[in-house]
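S.K.: Everything below, folded, please.
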Amino acid sequence: MIEGIGYSQSGTAEKLSSAGTKSAIEQKDQFLKLLTFQLKSQNPLKPYDNQEFAAQLAQFSQLEQLSDIRNLMEEQGQYNSQLSRNISNAALPGMLGKTAKAVTNHVQLDENKSVEMGYNLQYPMSDGIITILDQYGNTVNMLELSGNKLNSGEHKFNWDGTDFNGDPLPEGSYTFFADFEESDGNTVSAETFTSGIIEAVRFKADGTVLVVGGMEIPISEIKDVGL
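M.R.: Sure thing, here's the model as predicted:
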């Protein structure tokens with residue numbers, strides 16, 4: 001005859017705790033299976049201890065309550081996150097017509113229009129240059145920086161959309177890089193940004209974007225919005 005299995009209170013707790021990430025239904029099913037196996041396997045001449053059995057039932061009840069609380073908190077967190085997104089999305093149309101600054105090195109060039117670019121310097125530099133590339137990665141222009149444009153702080157400038165020879169470039173997407181040289185000869189790249197009027201708000205499957213200067217910019221890249 002099989003001797004008493006002797007599932008202790010702590011042993012059962014470890015098995016139930018390992019199921020902490022499972023659903024409440026799965027935990028109930030596991031507990032009932034363990035309980036049934038214990039009852040089948042107990043020695044009839046030495047029945048299972050009632051006090052320990054009651055303690056296990058009480059412990060399971062506590063685990064079930066904790067699981068329910070955890071599920072409720074997760075649902076509440078998802079609800080709050082969705083509510084926050086809804087509130088933000090409802091407020092976004094009010095930004096139309098305002099000026100947004102986005103941390104990016106991409107710009108959209110339109111015919112007969114200049115593009116505002118910018119960069120941030122943490123400390124003064126001795127030399128600097130802006131390199132502009134077309135959508136194919138070809139360098140189309142390079143703008144030398146000097147004087148106050150090398151001081152620390154935020155700097156803005158307008159690119160007229162021309163190439164090395166001053167000829168207008170076609171409409172399309174361009175990228176720019178701001179590279180600088182320190183007094184000791186080391187070269188560094190500065191954080192770049194662009195700014196423009198918010199023309200539209202688009203709610204897409206992968207997130208909300210603002211249309212600034214004809215270019216879609218994710219909300220996460222918008223640094224500030226002003227008049």
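
S.K.: List of residues touching stretch 176-188?
M.R.: 105, 107, 117, 119, 121, 125-133, 145, 150, 159, 189-190, 192 (C-beta atoms under 8 Å, 6 or more residues apart in numbering). Bear in mind the C-beta positions are built from the backbone N, C-alpha and C, glycine included.

S.K.: Just the buried ones among the residues you listed, please.
M.R.: Buried by 16 or more other C-beta atoms under 10 Å: 105, 107, 117, 119, 121, 125, 128, 130, 132-133, 145, 150, 159, 190, 192, out of the contacts of stretch 176-188.

S.K.: need the strands for the chain, in chain order.
M.R.: 99-102, 106-109, 115-121, 127-133, 139-145, 153-159, 172-181, 187-189, 191-204, 207-212, 215-218, 222-226 (DSSP state E).

S.K.: Out of those, which gets nearest to residue 71?
M.R.: Of all the strands of the chain, strand 207-212 sits nearest to residue 71, with 27.0 Å by C-beta to C-beta.

S.K.: can you put the strands of the chain in TSV and add mean pLDDT and distance to residue 72?
M.R.: Below are those laid out as TSV (pLDDT from 0 to 100; distance: least, C-beta to C-beta, whole Å):
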stretch	mean pLDDT	distance to residue 72
strand 99-102	84	38
strand 106-109	90	43
strand 115-121	92	45
strand 127-133	95	52
strand 139-145	95	57
strand 153-159	92	46
strand 172-181	95	47
strand 187-189	94	48
strand 191-204	84	29
strand 207-212	82	28
strand 215-218	84	32
strand 222-226	77	34
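
S.K.: out of those strands, nearest to residue 75?
M.R.: strand 207-212 (22.5 Å).

S.K.: Could you tell me the angle between that closest one and strand 191-204?
M.R.: Counting by axes from the mean of the first three to the mean of the last three C-alpha atoms, to 10 degrees, strand 207-212 lies at 120 degrees to strand 191-204.

S.K.: Could you check how many residues crowd around residue 152?
M.R.: Neighbour count of residue 152, defined by other C-beta atoms under 10 Å: 11.

S.K.: hang on, it packs against residue 122?
M.R.: Yes: with contacts counted by C-beta atoms under 8 Å, residue 152 reaches residue 122, the gap being 6.1 Å.

S.K.: measure residue 114 to residue 196 for me?
M.R.: To residue 196, residue 114 is 11 Å away according to C-beta to C-beta, to the nearest Å.

S.K.: Settle it for me: which of the two has more neighbours?
M.R.: residue 196 (20 against 13).

S.K.: ok, what's across the strand from that one?
M.R.: Here residue 196 sits in beta bridges with residue 100, as judged by DSSP bridges.

S.K.: Please tell me how far it sits from residue 161.
M.R.: 14 Å.

S.K.: try residue 193
M.R.: For residue 193, the distance to residue 161 - C-beta to C-beta - is 18 Å.

S.K.: Which segments of this protein make up each domain?
M.R.: Using automatic domain parsing, the domains assigned to the chain come out as 9-92, 96-226.

S.K.: residues in contact with the spatially closest residue to residue 113 that is not a sequence neighbour?
M.R.: Spatial nearest neighbour of residue 113, excluding adjacent residues (C-beta to C-beta, 6 or more residues apart in numbering): residue 161 at 7.0 Å. Residue 161 is in contact with 109, 113, 114, 115, 168, 169, counting by C-beta under 8 Å, 6+ apart.
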